[in-house]
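Student: coords please:
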Amino acid sequence: MIHPKFRRHLPLALSALVLAAICATGFAQDEAPAAAPVEEHSVIDMIVDGGPLIMAIWVAIVATSVTMVTFIIQNIMSLRKDKLAPPPLIAALEQNILAGNYQEAWETCKANDNYLANVLKAGLSRLGRGKDAVEAACAEHGLREATMLRTRNSYLSVIGVVSPMIGLLGTVIGMMGAFAVLAGSGISDPRALSGKIGEVLLATASGLFIAIPAFVSYYVFRNISQMVIVHADDIVNTLLLDIPYDELSGVQIGENFSAGGVNLGADAGVRKVSMALTTACPVCNGSVTPGVNPCPHCGATLDWQS
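Tutor: Sure thing, here's the model as predicted:
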């Protein structure tokens with residue numbers, strides 16, 4: 001118990017002790033040497049100071065980011081309706097098929113390299129085998145073309161998985177360097193330790209910075225590719241809708257063209273031929289004597305003109 005004589009002087013004594021402590025702290029701060037200025041390190045300095053392994057990891061991160069941007073640009077340019085099924089090509093194929101010029105339609109498809117042309121060319125090449133064969137050929141080549149389109153997009157998913165792993169590898173290597181600094185100097189050199197931790201966080205952030213847009217782009221382009229492929233397939237089905245398959249039995253369309261006795265061409269198979277310029281059938285390219293009608297090879301009706 002505090003004696004009543006000193007109890008009334010207790011607040012004054014406590015105040016004096018607090019004031020003395022504040023003064024002592026102020027003097028200690030004034031006498032302490034000024035801290036050395038903190039050196040700022042750029043990202044390049046941190047990469048160079050990290051050693052060969054860190055530099056290799058950063059080269060991989062940069063290469064992955066460039067590859068991701070390249071695939072994104074390619075998908076933007078290729079996954080479009082007018083690229084898979086160009087309107088001028090659609091108009092030309094409609095005209096040829098409605099006129100019965102199936103060989104010319106096949107040659108038009110051969111001259112173009114896109115989804116519509118490749119799928120329709122496969123279907124026309126089996127025109128003489130019936131509707132089921134044509135639809136099977138279109139489905140088979142449509143699946144092949146769609147797989148090729150989706151393959152480029154699937155690489156974005158791979159990048160989205162790999163880039164965080166590359167960043168994690170940089171994290172592990174950076175933590176090894178941080179623990180090496182901690183083991184060598186303890187906590188007496190916090191700046192070196194914080195620098196190593198900064199390398200760890202930078203590598204991890206870079207991996208995630210690549211993975212996030214890669215995954216978002218993958219899902220966006222996956223949906224876009226599905227829509228444009230369905231659009232092109234609808235056009236193929238529309239072009240093949242009114243073909244008289246039963247009347248074209250035995251016709252061979254393609255490199256080894258053969259009409260098989262079926263009249264092919266515009267105006268119900270009538271082809272205008274000049275006696276002065278040609279002695280070959282414009283349908284099957286077979287040798288024809290001027291004035292002979294129809295063609296003895298394919299049966300096409302020829303309109304000989306002087």
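
Student: Give me the secondary structure label for the residue nearest to L53 when sequence neighbours are not counted.
Tutor: Using CB to CB, 6 or more residues apart in numbering and skipping residues adjacent in sequence, the residue nearest L53 is I173, 5.3 Å away. Any C-beta I mention is one placed from the backbone N, CA and C, and that applies to glycine too. Secondary structure, DSSP: H, G, I helix; E, B strand; the rest coil: I173 is helix.

Student: Report how many residues lie close to I173.
Tutor: For I173, the neighbour count with other CB atoms under 10 Å is 20.

Student: Would you check that it makes contact with A56?
Tutor: No - look at I173 against A56 with CB atoms under 8 Å: they stay out of range, at 9.7 Å.

Student: Domain-wise, how is this structure divided?
Tutor: Structural domains assigned to the chain are 43-248, 266-305, following automatic domain parsing.

Student: Lowest average confidence across these, which one?
Tutor: Of all those, mean pLDDT reaches its minimum on domain 266-305 (a mean of 60).

Student: And the host helix or strand of I212, what does it pack against?
Tutor: If you go by DSSP states H and E, I212 is part of helix 190-239. Applying 3 or more CB pairs under 8 Å, 6 or more residues apart in numbering; DSSP states H and E, one finds that helix 190-239 contacts helix 43-49, helix 52-78, helix 81-84, helix 87-98, helix 115-124, helix 131-185.

Student: Select, out of the ones you listed, the one closest to P244.
Tutor: Checking the helices and strands packed on helix 190-239 against P244 by CB to CB gives helix 131-185 as the closest, at 10.0 Å.

Student: Pick the most deeply packed of the domains of the chain.
Tutor: Among the domains of the chain, domain 43-248 has the highest mean neighbour count (mean count of other CB atoms under 10 Å), at a mean of 17.

Student: picking that back up, CSV please, covering the domains of the chain and showing distance to G254.
Tutor: Below are the domains of the chain laid out as CSV (distance: least, CB to CB, whole Å):
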stretch, distance to G254
domain 43-248, 4
domain 266-305, 13
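
Student: tell me the contacts of G254?
Tutor: Shown in contact with G254 (CB atoms under 8 Å, 6 or more residues apart in numbering): W106, L124, S125.

Student: can you rerun that using 10 Å?
Tutor: Y102, Q103, W106, E107, K110, K121, A122, L124, S125, R126, L127 (CB atoms under 10 Å, 6 or more residues apart in numbering).

Student: does it sit in a helix, a strand or a coil?
Tutor: coil.

Student: For Y102, see how far away it is.
Tutor: 10 Å (CB to CB, to the nearest Å).

Student: now L89
Tutor: Counting by CB to CB, the gap from L89 to Y102 is 16 Å.

Student: What of N153?
Tutor: From N153 to Y102 the distance is 34 Å (CB to CB).

Student: Can you name the residues that contact the residue nearest to I57 when sequence neighbours are not counted?
Tutor: Nearest residue to I57, sequence neighbours excluded (CB to CB, 6+ apart): G170, at 4.4 Å. Under the criterion of CB under 10 Å, 6+ apart, the neighbours of G170 are 47, 50, 53-54, 56-58, 60-61, 199-204, 206-207.

Student: again with I166
Tutor: The contact partners of I166, by CB under 10 Å, 6+ apart, come to 56-58, 60-61, 63-64, 159, 203, 206-207, 210-211.

Student: Tell me the one among the residues you listed nearest to I72.
Tutor: I159 (10.0 Å).

Student: who are the neighbours in contact with that closest one?
Tutor: Applying CB under 10 Å, 6+ apart, the residues near I159 are 64-65, 67-68, 71, 166, 210-211, 213-215, 217-218.

Student: can you redo these as a markdown table with distance to K131?
Tutor: Shown next, in a markdown table, are the contacts of I159 (distance: CB to CB, whole Å):
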| residue | distance to K131 |
| --- | --- |
| T64 | 48 |
| S65 | 50 |
| T67 | 44 |
| M68 | 44 |
| F71 | 39 |
| I166 | 52 |
| I210 | 49 |
| A211 | 48 |
| P213 | 46 |
| A214 | 43 |
| F215 | 42 |
| S217 | 40 |
| Y218 | 37 |
